[in-house]
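Undergrad: just coords:
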């Protein structure tokens, strides 16, 4: 519990994500970090406000979060170094340091499609969202969205109606439900899937939080499907985030006179896959998995891993080893070692732990 308390204290610091802490942890443990005075934190690169948050203002927030955690067996907290932290989410540029979950945390590591779109969809858009979500659920995929009004909610409902699993990523703490009209929907999602947030349970919704949660929606997913979206909308932010993180983007075309279709048409012009049914999505996924381009990329990726694997793995054992020592022993730059170790971690060869890395031994 003390270790979790340290993680939660760090999570109160705005701007400190999983990758930034991973770099810090190469030199200092979480326990040591949270005990430092403000001046020492600033010497490590914390802003005065970040240092103030960690050193003086984190305790009450941590206490409240732990109280929420202990309220129910359905309440979970996963830290960036936890083996249950979703591997896909670790690959984005600024993964959350901590995830709060109400429901079943194991579903976060299963294959997911994100579905996003207008908050004021047409009747046709609502039907498309429900149909796509239901059919993908029947194919064994989990539907992930943001539980906003409109396409988000219809996507969750479509998955549930098909007896599937759905994940809602919220732009506020899990003690809040926004919009309030989705209270019943949220309860069902937590029973059959999961509600997820990077925000402490008591945090109220703010407009600035919702674009931030979009990176988690797409970060958890192998692909993002856009159903009705204007050119300037949060849905296009999600689509762009998906593309930036090398995830597939699918767009449903619509009436050229409908402003809600302009965003989807723009995405198609920019290279998103035009889809009119779930079969188009599954066909594209199959093509990408089996295409020469993907195969060649996989070969190159494996070759790059193999190139450094012998050097790196020879210097990572059962005891925790810092990145500096690994890089020095392997004759590599720290930046090169970081990249190679991330690949090896995704391949299941090494694991990140407080203070460095350890070798993963197969049983």
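TA: Done, it's in. These figures come from a predicted structure and were not determined experimentally.
Undergrad: rest of the way, CA atoms for contacts and neighbours
TA: Fine.
Undergrad: Low-confidence bits of this structure, can you list those?
TA: Within the chain, the stretches with pLDDT under 70 are 288-314, 331, 335-336, 339, 343, 346-347, 361-363.
Undergrad: residue farthest from the centroid of it?
TA: Relative to the mean C-alpha coordinate of the chain, counting by CA atoms, centre = their mean, the farthest residue is residue 257 (34.8 Å).
Undergrad: Where do the strands of the stretch 251-363 of the chain begin and end?
TA: Along the stretch 251-363 of the chain, the segments classed as strands by DSSP state E, counting those that start in this stretch run 273-274, 350-353, 356-359.
Undergrad: Next, the contact list for the nearest residue to residue 344 once chain neighbours are set aside, please.
TA: Closest residue in space to residue 344, ignoring its immediate chain neighbours: residue 350 at 5.9 Å, by CA to CA, 6 or more residues apart in numbering. By CA atoms under 8 Å, 6 or more residues apart in numbering, the contact set of residue 350 is 316, 341, 344, 357, 358, 359, 360.
Undergrad: and these, which two are the farthest apart?
TA: Within those, two members stand farthest from each other by CA to CA: 341 and 360, at 12.2 Å.
Undergrad: More neighbours: which of the two?
TA: Neighbours of residue 341 and residue 360, each counted by other CA atoms under 10 Å, are more numerous for residue 341; the result is 25 against 17.
Undergrad: Okay, buried residues for stretch 130-142 please.
TA: Residues of stretch 130-142 classed as buried by neighbour count (16 or more other CA atoms under 10 Å): 130, 131, 132, 133, 134, 135, 136, 137, 141, 142.
Undergrad: give me the element the fifth one is part of.
TA: Meaning residue 134. Here residue 134 sits within helix 123-138, counting by DSSP states H and E.
Undergrad: Just list what that helix packs against, helices and strands only.
TA: strand 142-145, helix 151-161, strand 223-227, helix 278-290 (3 or more CA pairs under 8 Å, 6 or more residues apart in numbering; DSSP states H and E).
Undergrad: please redo it, this time with the cut-off set to 6 Å
TA: helix 151-161 (3 or more CA pairs under 6 Å, 6 or more residues apart in numbering; DSSP states H and E).
Undergrad: following the helix it packs on, which helix or strand comes up?
TA: Counting by DSSP H and E, what follows helix 151-161 is strand 166-169.
Undergrad: Okay, helices next: where are they in the stretch 1-150 of the chain?
TA: 2-11, 18-24, 30-34, 38-43, 48-52, 58-71, 87-90, 123-138 (DSSP state H, counting those that start in this stretch).
Undergrad: tally of neighbours for residue 317?
TA: Neighbour count for residue 317, taken as other CA under 10 Å: 15.
Undergrad: let me redo that: residue 258
TA: Number of residues near residue 258 (other CA under 10 Å) recorded here: 12.
Undergrad: Return the distance of residue 261 relative to residue 240.
TA: Separation of residue 261 from residue 240 (CA to CA, to the nearest Å): 16 Å.
Undergrad: list the buried ones in stretch 35-53?
TA: 38, 41, 42, 46, 50, 51, 52, 53.
Undergrad: Let me see the contact set for the fifth one.
TA: Applying CA atoms under 6 Å, 6 or more residues apart in numbering, we find residue 50 in contact with residue 13.
Undergrad: Save the contacts of residue 350 as JSON lines, and put in distance to residue 152 too.
TA: What follows is the contacts of residue 350, written out as JSON lines (distance: CA to CA, whole Å):
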{"residue": "316", "distance to residue 152": "44"}
{"residue": "341", "distance to residue 152": "36"}
{"residue": "344", "distance to residue 152": "35"}
{"residue": "357", "distance to residue 152": "39"}
{"residue": "358", "distance to residue 152": "40"}
{"residue": "359", "distance to residue 152": "41"}
{"residue": "360", "distance to residue 152": "39"}
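Undergrad: which of those residues lies closest to residue 83?
TA: For the contacts of residue 350, the closest approach to residue 83 (CA to CA) belongs to residue 360, at 11.5 Å.
Undergrad: Relative to residue 100, how far out is that closest one?
TA: Residue 360 sits 26 Å away from residue 100, going by CA to CA.
Undergrad: swap in residue 55?
TA: Residue 55 sits 22 Å away from residue 100, going by CA to CA.
Undergrad: between these two, who's got more neighbours?
TA: The residue with more neighbours, out of residue 55 and residue 100, is residue 100; 24 against 21, by other CA under 10 Å.
Undergrad: The more buried one bridge partners, please.
TA: Note on residue 100: beta-bridge partners by DSSP bridges are residue 77, residue 197.
Undergrad: do the same with residue 115
TA: In beta-bridge terms (that is, DSSP bridges), residue 115 pairs with residue 225.
Undergrad: How many residues are close by it?
TA: 30.
Undergrad: same deal with residue 101?
TA: For residue 101, using other CA under 10 Å, the count is 25.
Undergrad: That one reaches residue 196, doesn't it?
TA: Yes: at 4.7 Å, residue 101 counts as touching residue 196 under the criterion of CA atoms under 6 Å.
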